[in-house]
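> could you work out the structure for the sequence below:
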Amino acid sequence: MVNSIKKVGKGIWERKRKIILIISGILVFAVALNIFVFYRTKNPQFCLNCHYMKPYYDQWATSSHKNVACMKCHEYNSSKMLLSTIKYFANSYNPRPRTEIPNSNCLQSGCHEKRLLPGKIKFKRKIDFDHSQHLANIVRGKMLRCTSCHSQIVQGRHIDVTAEVCYICHFKGATRGETITGCPSCHGQPKGVVEHGGFMVDLAQYLKTGVKCNKCHVDVIKGEGSVPKEKCYSCHVERMEKYEDHQFIHNNHVTKHAIDCVSCHLTIEHKNVKMVKTLEVSCEGCHSKLHSAQKEMYMGAAGRGVENTPSRMFAAQVACDGCHTQIETVKGTHILGDKSFKADRRSCVACHTTGYDEMLNVWGSEINKILNELNPRISLASETYNSSRKNGMNLSKAKSLIEDAKYNYRFVAEGRGVHNIEYAAKLAKASNDMIDEAMKLMKKDFNPPDRSEILKFSDSYCNIMCHKLIRTKDKFEFQDVDFPHKYHIDDIGLECGQCHSLKIHKKTVIDKQGCVKCHHEDKNARCSRCHSFQNQLYYGNINGYKKKERFPSLMAQGGIKCIECHDIGKAHSIEFMKGKCIGCHSKEYGKMLDDWILKLNKAIGEIKSLIDKDELALIFAKREMSRDITADKKLFDEALKNYSIILKGKGVHNFEYSEEILNQVRATLNQIWKKYEVMGKS
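Coordinates of the predicted model:
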């Protein structure tokens, strides 16, 4: 009995052992096969065993990604392989499969992990492109993916970018001659001078005067980028109920499944399709030679003693009927009457803003004042010339000067100086200078009379004619300084030309050293007026920094002034500053300055790295995870502000205070990084 039981038990164990061995063998084989397949799939040639993709493989092999395995980008794990195999043998596979590459694969460590950070790269035709603007934000209501632009639609190029994708987003739905984001968003600010229609055009100056690109580039695209319903039918038979729901369509096709834009949209071609003709509206068509003086004034030509200065409106291709819009009927013998177009102040506001219409009255009254001031002076010069000529004096040069002054006077009067106020003011001043010179030639004891302000200085017209009505901001940043513009103009009385170009409107020609020449002459001047960041650090009182009490440096507590360390007459190096430290203290203090700089630079470098990581993690959290980052973004911005003050204010002005602030900044950034670390790494 016992033996029988033993035999039965032994038989069962033998059978179990065989089953276990078989199962173990299957598992070992499966694991080995999985490992084999896993390593084999790392070789892109393996993909060709199943996928009919020889052209794509060849494109990959010659692309910049030729050293990157397919599985690094394409999500195709063992479970998907098994499912694909079953579908294949069941004859239920999709003959036109689409690959989807999630952004996280592109942004993974070792690849393009910093693409979401702000930073420009050069695209075709030297166009500046910033990935962060396209990926970190919702663009025109659509959440783009990397493959929205890096698709496979360029023949022979693996995941290359085609400009046609750009054109669909930037031009579809825009008004004629314009783009959704504005031309400078891609082309930047134009530089240099180009020729068009016989005129030399400074493109940068055009934009500064508010001229839109489509004033000259009338048509810049061919095609509308529309989506015919036939495109939908190629994939979705009788599924058109959502055709008009653009948000739904783009969310499902672009954001979720990375369908190429040109798979649905017809292409848009971007080029100079049509340019404006030079001064298309021709006054001469109706008024032959009746307005030559006005036209020449408008063009800024034909004056004497002054270089050509075209009106900014002329440069903007504004024809006469752009301002002369009010119809006046001139009664006469013609049965219907003749029509004349009068300038209307409302035309100014149509292109500019409220306040520009006030200029027309100011220009008219100021031109009249100038002419009334010049007229008696020209008459006096003519009388003096006639009387001096009787005495046999050789006054040919004086005569020429008087004739030129008369000519300019008539030119401004007949050409209506309001057509080119800058040119008119320059002509009037030049005429006044000519009269003074002529009078000195005729009368040795001549003493020029006082002039009105607009005839005294080359730049007086800026404020009198325009900027007293259209004021700039009272303060704005210049060379890292809050520059009080109003104070320099109204209180100090600086002329515009001391800081700005008189030839190129709005261009600033003064630099930091130009400011220093005035400000550093007075040793009692308040340094804090310009160097506010250094002052905040030195006296330990950073605006917005959360600390209950001030933390002034030991030097500030000792009453040491800026000029006791700084030579305000010239720029100086760290070695110069070390000499100042040693001069008052000892050699050890020179080494201390080096230590401070070393520690601060190390902390700044670490924080800079944290800023990059946090910024990337926050963008990723908002975009990919739909997280609410409002509170953490506020903390990040505050930390960035305090970090910026240390950079601008030079931390050595108060080392202990700066070190404390940098430690706080680092702690805040580390706190943010720990919260979003997984997202940042992904």
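> what's the spacing between residue 18 and residue 29?
16 Å (Cβ to Cβ, to the nearest Å). Just so you know, the C-beta spots here come from the backbone N, C-alpha and C atoms, and that holds for glycine as well.
> got it, and residue 456?
From residue 456 to residue 29 the distance is 100 Å (Cβ to Cβ).
> got it, and residue 317?
For residue 317, the distance to residue 29 equals 79 Å [Cβ to Cβ].
> what about residue 304, how many residues nearby?
Residue 304 sits with 17 neighbouring residues when counted by other Cβ atoms under 10 Å.
> just confirm residue 325 is within a strand.
Yes. The assignment for residue 325 by DSSP: H, G, I helix; E, B strand; the rest coil puts it in a strand.
> surely residue 255 meets residue 142?
Yes. The pair residue 255 / residue 142 is scored as a contact, 7.0 Å apart, by Cβ atoms under 8 Å.
> comparing those two, which shows the higher neighbour count?
Neighbours were counted for residue 255 and for residue 142 using other Cβ under 10 Å; residue 142 has more, 18 against 15.
> what about the helices in the stretch 251-400 of the chain?
According to DSSP state H, counting those that start in this stretch, the stretch 251-400 of the chain carries its helices in the segments 292-299, 312-315, 346-351, 356-389, 396-414.
> also the stretch 501-650 of the chain?
Using DSSP H, counting those that start in this stretch, helices in the stretch 501-650 of the chain cover 512-519, 532-538, 554-557, 574-584, 587-624, 630-649.
> make TSV out of these and add mean pLDDT.
Shown next, in TSV, are the helices of the stretch 501-650 of the chain (pLDDT from 0 to 100):
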stretch	mean pLDDT
helix 512-519	77
helix 532-538	84
helix 554-557	84
helix 574-584	83
helix 587-624	85
helix 630-649	88
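> from those, which stretch is densest packed?
Among the helices of the stretch 501-650 of the chain, helix 532-538 has the highest mean neighbour count (mean count of other Cβ atoms under 10 Å), at a mean of 21.
> other SSEs contacting that one?
helix 630-649 (3 or more Cβ pairs under 8 Å, 6 or more residues apart in numbering; DSSP states H and E).
> I'd like to know which elements the helix or strand just after the helix it packs on is packed against.
Using DSSP states H and E, the helix or strand that directly follows helix 630-649 along the chain is helix 655-681. Packing contacts for helix 655-681, counted by 3+ Cβ pairs under 8 Å, 6+ apart, involve helix 587-624, helix 630-649.
> now those in CSV, with distance to residue 54?
As requested, those are arranged in CSV below (distance: least, Cβ to Cβ, whole Å):
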stretch, distance to residue 54
helix 587-624, 34
helix 630-649, 48
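> quick one, which of those gets closest to residue 395.
helix 630-649 (62.4 Å; Cβ to Cβ).
> so residue 179 touches residue 169, yeah?
No. Counting by Cβ under 8 Å, residue 179 sits too far from residue 169 to count as a contact (9.6 Å).
> residue 317 and residue 29: which is more packed in?
Between residue 317 and residue 29, counted using other Cβ under 10 Å, the more crowded position is residue 317 (21 against 11).
> how far away is the more buried one from residue 176?
Distance from residue 317 to residue 176, by Cβ to Cβ: 16 Å.
> then residue 592?
67 Å.
> re earlier: and of the helices and strands packed on helix 655-681, who's closest to residue 239?
Here helix 587-624 is closest among those (Cβ to Cβ), at 28.7 Å.
> what is that closest one packed up against?
By 3+ Cβ pairs under 8 Å, 6+ apart, helix 587-624 packs against helix 131-135, helix 574-584, helix 630-649, helix 655-681.
> how about the secondary structure of residue 218?
Applying three-state DSSP: residue 218 is strand.
> the closest residue to it other than its chain neighbours pairs with what?
The shortest distance from residue 218 to any residue other than its chain neighbours is 4.6 Å, reached at residue 274 (Cβ to Cβ, 6 or more residues apart in numbering). As for beta bridges, residue 274 partners with residue 219 under DSSP bridges.
> residues in contact with stretch 439-446?
Stretch 439-446 is contacted from outside by 380, 381, 384, 385, 388, 393, 395, 397, 398, 401, 436, 448, using Cβ atoms under 8 Å, 6 or more residues apart in numbering.
> which one of those residues sits closest to residue 491?
Distances from residue 491 to the contacts of stretch 439-446, taken by Cβ to Cβ, are shortest for residue 448, at 28.4 Å.
> the nearest residue to that closest one once chain neighbours are set aside sits in which helix or strand?
Leaving aside its sequence neighbours, residue 448 sits nearest to residue 436 (Cβ to Cβ, 6+ apart; 4.8 Å). Per DSSP H and E, residue 436 falls inside helix 421-442.
> immediately after that helix, which helix or strand?
Trace forward from helix 421-442 with DSSP H and E and the next one is helix 453-456.
> quick check, pLDDT for the residue lying closest to residue 66 once chain neighbours are set aside.
Using Cβ to Cβ, 6+ apart and skipping residues adjacent in sequence, the residue nearest residue 66 is residue 60, 6.4 Å away. On pLDDT, residue 60 comes in at 79.
> my read is that residue 60 contacts residue 67, right?
No. Using Cβ under 8 Å, residue 60 is not in contact with residue 67, being 10.3 Å away.
> ok, those two, which is more surrounded?
With neighbours defined as other Cβ under 10 Å, residue 60 and residue 67 compare such that residue 60 has more, 20 against 7.
> run a quick neighbour tally on residue 182.
Residue 182, neighbours per other Cβ under 10 Å, totals 13.
> next one: phi and psi at it?
phi 90, psi 140 (degrees, to the nearest 10).
> what's near enough to touch it?
Residue 182 touches nothing, counting by Cβ under 8 Å, 6+ apart.
> what about 10 Å?
The neighbours of residue 182, taking Cβ atoms under 10 Å, 6 or more residues apart in numbering as the test, are 170, 174, 212, 213.
> confidence-wise, which of those comes last?
residue 212 (74).
> point out where the stretch 101-250 of the chain drops to low pLDDT.
116-118, 152-157, 195-202, 205-211, 237-238 (pLDDT under 70).
> secondary structure class for the residue lying closest to residue 59 once chain neighbours are set aside?
Sequence neighbours aside, residue 158 is the residue nearest to residue 59 in space, at 4.1 Å (criterion: Cβ to Cβ, 6+ apart). Under three-state DSSP, residue 158 falls in the coil class.
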